[in-house]
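Q: pasting the sequence and the predicted coordinates here, then a few questions.
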Amino acid sequence: MAWHFTELYKAIYDRFAADATLGGLIQGAWSSRAPDTVGQGTPVTTYIVTNLQTAGAQDEAFRTLARTFRLAVTIIVPSEATGATDPIDLEGQIAARVEGNWEDKTFGVQPDYGLARWTPSLASWNCTTMNLIDIQSLDAGDNRRALGMAFEATVTKEAV
């Protein structure tokens, strides 16, 4: 019963891909995993890595299934300035796009971009609003900085 997983993952991917400003900041480097060419001491470009996983046990009732998911988003930027771009500023700009403009919206109105307070629209499952639950600086090794953000949502389906 993993189709809810791929459906949610595709909705998240489409959300990121539709954000032209985010795409410009990361130059389209969005991936479900880090490129193999990125190792300790290797200069890197800016990119985002995502990891979607279940967060805890599946809740089941007689006619309903529910599973909570956690999405980890890791923003990786070079630790040295590239041109006029300061790495800390770039990291902050990307994090702001990933989080989104939810604070500019009235209650119940979807943000224009980003994941916080966004409700993914799934074809055959229902999804709760995604909540930002954690932000932390990560050890990214030589020549790069990393910022981790975690979001959580619950996907449900009722039997016919």
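A: Yes, it's here. Because the structure is predicted, anything quoted here is derived from the model rather than measured. Residues are numbered from 1 along each chain as shown.

Q: after the helix or strand residue 75 falls within, which helix or strand is next?
A: Assigned by DSSP states H and E, residue 75 belongs to strand 64-78. As assigned by DSSP H and E, the chain's next helix or strand after strand 64-78 is helix 87-99.

Q: circling back to that earlier point, packing partners of the strand holding residue 75?
A: helix 3-17, strand 47-54, strand 59-60, helix 87-99, strand 144-158 (3 or more C-beta pairs under 8 Å, 6 or more residues apart in numbering; DSSP states H and E). Heads up, the C-betas are built off the backbone N, CA and C, glycines and all.

Q: 6 Å - rerun?
A: strand 47-54, helix 87-99, strand 144-158 (3 or more C-beta pairs under 6 Å, 6 or more residues apart in numbering; DSSP states H and E).

Q: what mean pLDDT does the shortest one get?
A: Spelled out, that is strand 47-54. For strand 47-54, mean pLDDT is 84.

Q: ok, back up a step: only C-alpha atoms, please: export the strand holding residue 75 in CSV.
A: Coordinates of each C-alpha in strand 64-78 appear next as CSV, following Å, rounded to 0.1, in the frame of the first residue of the first chain:
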residue,chain,number,x,y,z
THR,A,64,-9.6,4.1,7.6
LEU,A,65,-5.9,4.0,7.2
ALA,A,66,-3.6,6.9,8.4
ARG,A,67,0.1,7.3,8.2
THR,A,68,2.2,10.2,9.4
PHE,A,69,5.1,11.2,7.1
ARG,A,70,8.2,13.2,7.8
LEU,A,71,10.0,15.1,5.0
ALA,A,72,13.6,16.0,5.7
VAL,A,73,14.8,18.8,3.4
THR,A,74,18.6,19.4,3.4
ILE,A,75,19.8,22.6,1.8
ILE,A,76,23.5,22.5,0.8
VAL,A,77,25.5,25.5,-0.3
PRO,A,78,29.2,26.1,-0.9
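
Q: what is the orientation angle of it with helix 87-99?
A: Per axes from the mean of the first three to the mean of the last three C-alpha atoms, to 10 degrees, the angle that strand 64-78 makes with helix 87-99 is 160 degrees.

Q: now do strand 64-78: everything it contacts.
A: 44, 46-56, 58-59, 87, 90-91, 94, 98, 140, 144-158 (C-beta atoms under 6 Å, 6 or more residues apart in numbering).
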